[in-house]
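Asks: Below: sequence and its predicted model.
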Amino acid sequence: MRDFVQNMDDTLPGKFEITKEGIVHDMLSPNGRHELAALRLRKLLERVLPEAIVAHTGKPDVENAAEGIMRRPDVMVIAEADMGGEGSFDPRTLIAAIEVVSRSNPDNDWVTKMRDYPLMGIPVYAIFDPRTATGAVLTDIHPTPDGPRYATRKDFVYGEDVTIAEWTIWTDGLPRYKDETSAS
């Protein structure tokens, strides 16, 4: 599956990831509001992160080969020193994974990534949902009969302070999907 995803990633539209169930193909490329939200989140984080820690968007993927999972978070908080290797990032080097919920496939962010990220060992998962102007920060991985899960969930609405790992950002002004005509 990994070879297929890597070969198809630049030839077919959309984004490919590997979950415990198989390949997820989000056929629609992220829209401008999605990309703008990811950009603004990256910039907000860069204002508060120490110099050695970055908010990275883009490639490479994050892969846990032992679990057979390969994901590409919209924003990854990671030490710059951990970005220098070859191939996919080791998910245990991520400080946090941040997702902007996809309009076309919200369950990928709210369900499968909520399951896959703790399984991969990513300690903090933050979800921003432009459909509803809400989100959640999930932390404290703990074992369950169904595998590792996040034990703590802190919900928020846009406009509130949100703490991701050790850093707090203000979420006012993040773009929403609902009103495409607004200037947000």
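Replies: It's in.

Asks: next helix or strand past the longest helix anywhere in the chain?
Replies: Taking DSSP state H as the criterion, the chain has its longest helix at helix 32-48. Reading on from helix 32-48 to the C-terminus, the next helix or strand found by DSSP states H and E is strand 53-56.

Asks: The longest helix of the chain: which residues count as buried?
Replies: For helix 32-48, the neighbour count (16 or more other CB atoms under 10 Å) marks R33, H34, L36, A37, A38, R40, L41, R42, L44, L45 as buried. Every residue, glycine included, has its C-beta placed from N, CA and C.

Asks: which one of the residues you listed is nearest R176?
Replies: For the buried residues of helix 32-48, the residue nearest R176 by CB to CB is R33; the value is 7.2 Å.

Asks: Sketch out the low-pLDDT regions of this protein for me.
Replies: Confidence mapping of the chain against pLDDT under 70 gives the ranges 1-31, 178-184.

Asks: any idea where the helices of it begin and end?
Replies: Under DSSP H, the chain gives helices at 2-8, 32-48, 106-107, 113-120.

Asks: which stretch among these comes nearest A165?
Replies: helix 32-48 (9.6 Å).

Asks: Alpha carbons only: can I get that closest one in CSV?
Replies: Taking Å, rounded to 0.1, in the frame of the first residue of the first chain, the C-alpha atoms of helix 32-48 are listed here in CSV:
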residue,chain,number,x,y,z
GLY,A,32,-8.7,27.7,-0.3
ARG,A,33,-10.4,28.0,3.1
HIS,A,34,-8.9,24.7,4.3
GLU,A,35,-5.4,25.8,3.1
LEU,A,36,-5.8,29.3,4.6
ALA,A,37,-6.8,27.8,8.0
ALA,A,38,-3.7,25.6,8.0
LEU,A,39,-1.6,28.5,7.0
ARG,A,40,-3.0,30.7,9.8
LEU,A,41,-2.6,27.9,12.4
ARG,A,42,1.0,27.5,11.3
LYS,A,43,1.6,31.3,11.7
LEU,A,44,-0.1,31.5,15.0
LEU,A,45,2.0,28.6,16.4
GLU,A,46,5.2,30.1,14.9
ARG,A,47,4.7,33.2,17.0
VAL,A,48,4.8,31.2,20.3
